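Peer 1: Next one to model:
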Amino acid sequence: MQIEKKDIRSLSKDQLRDFFTSNEDKSFRGNQVYEWLWSKGAHSFDDMTNLSKATRTMLEENFVINHIKVDTMQRSADGTVKNAVRLHDGLVVESVLIPTNTRTTACVSSQVGCSLDCNFCATARLKRMRNLEPAEIYDQVIAIDKESRLYYNHPLSNIVFMGMGEPLMNYNNVLKAIDMIVSPEGLGMSPKRITLSTSGVPKMIKKLADDEVKFKLAVSLHSAIDDIRSRIMPFSKNFPLADLRESLEYWYAKTKSKITYEYVVWKDINDNKVSIDALVKFCKYVPCKVNLIEYNPIDDGEFQQASAESINAYINALESNGIVAKVRRSRGKDIDAACGQLANKEV
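Peer 2: The predicted structure follows:
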């Protein structure tokens, strides 16, 4: 029976150094391999040209490099790029490059499918197959960075975890991926340019605060009324708004970092004055801003885009109460560039 080889990128630098010393080689070889894997993005051991053939053969005999492969890439008329990313086991996730005049943003996935049941979201119709490994998340970012340089002549400037999956349900792997993204041995990106978007898991939001993360936090809110929110996002019955509010107050007390609320307005669901007033009240608990998102319908069901008048009513109410609010227009409509549902917007 053949033993499945371990992905070498699951090893820390110290573990790589230990591997070489245990095989009667110099420990600094571990440093060289680590650099090839992360800074240089080697896809195979043969890429590691400063290692001897014997060393590369030894690595090949013991490990694999489970790199992602961009299976298909689509470019929208507005410049948005959607990648269908094939993983080593054949499963597929999506990532998106979203350009503006001043920056390019990567929207990345954290799970294959999703374990939550947001009724408006295309990804929620796919059952969760598995969590992504840190290297699989990191690879999505590297691929989009290359596309940004190729098509827009500058490196990737921002990252949002708004793709397939709930990042806080894959907590450890997501944080490990972010650690490598911000590390000088990885991409060296500032954590302030990274936003993690969650559907709102209070216990895990508090854990983020306790772990003193430096990246930004966004919450898919969509309603500040429990009954309406649970209709939109049934899982939220287990996480009532009172608990979410407490966790966000805890987050801000620990981090002093403002929250971004992602908020879609739907016709005949939350396009009314009661919903507007509830959102204004909720926004006053913690310093925040609101992104009102243009909805991309996934079928002819109950979730349909609200009128411009309804959006303007939200904007006027929020701004008159001193709350920053912006409307985010849908991007990449001609290629259906939606990671989950919320990724296809200008960020």
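Peer 1: how about the helices in the stretch 151-300 of the chain?
Peer 2: For the stretch 151-300 of the chain, the helices defined by DSSP state H, counting those that start in this stretch cover 171-182, 202-210, 226-232, 241-255, 273-283.
Peer 1: Show me which positions of the shortest one end up buried.
Peer 2: Looking back up the chat, that one is helix 226-232. Neighbour counts over helix 226-232 (16 or more other CB atoms under 10 Å) mark 226, 228, 229, 230, 231, 232 as buried. From N, CA and C alone the C-beta is placed, and that goes for glycine too.
Peer 1: likewise the second one?
Peer 2: Neighbour-count burial for helix 202-210, with 16+ other CB under 10 Å as criterion, is recorded at 202, 204, 205, 206, 208, 209.
Peer 1: and the second one, what is it in contact with?
Peer 2: Meaning residue 204. Counting by CB atoms under 8 Å, 6 or more residues apart in numbering, residue 204 makes contact with 168, 169, 171, 198.
Peer 1: could the residues you listed be laid out in JSON lines, adding pLDDT and distance to residue 282?
Peer 2: What follows is the contacts of residue 204, written out as JSON lines (pLDDT from 0 to 100; distance: CB to CB, whole Å):
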{"residue": "168", "pLDDT": "96", "distance to residue 282": "20"}
{"residue": "169", "pLDDT": "93", "distance to residue 282": "23"}
{"residue": "171", "pLDDT": "97", "distance to residue 282": "25"}
{"residue": "198", "pLDDT": "95", "distance to residue 282": "16"}
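Peer 1: Give the full set of residues in contact with the residue nearest to residue 64 when sequence neighbours are not counted.
Peer 2: Leaving aside its chain neighbours, residue 64 sits nearest to residue 5 (4.6 Å; criterion: CB to CB, 6 or more residues apart in numbering). Contact analysis of residue 5 by CB under 8 Å, 6+ apart lists 62, 63, 64.
Peer 1: And the nearest residue to residue 232 once chain neighbours are set aside, how close does it get to residue 98?
Peer 2: Computed as CB to CB, 6+ apart, the closest residue to residue 232 that is not its neighbour in sequence is residue 222, at 5.1 Å. Residue 222 sits 21 Å away from residue 98, taking CB to CB, to the nearest Å as the criterion.
Peer 1: what do you get for residue 45?
Peer 2: Residue 45 is 34 Å from residue 98, by CB to CB.
Peer 1: same check, this time on residue 51
Peer 2: For residue 51 relative to residue 98 (CB to CB), the value is 38 Å.
Peer 1: Those two: which is more packed in?
Peer 2: Each of residue 51 and residue 98 has its neighbours counted (other CB atoms under 10 Å); residue 98 has more, 28 against 18.
Peer 1: Appreciated, that's everything.
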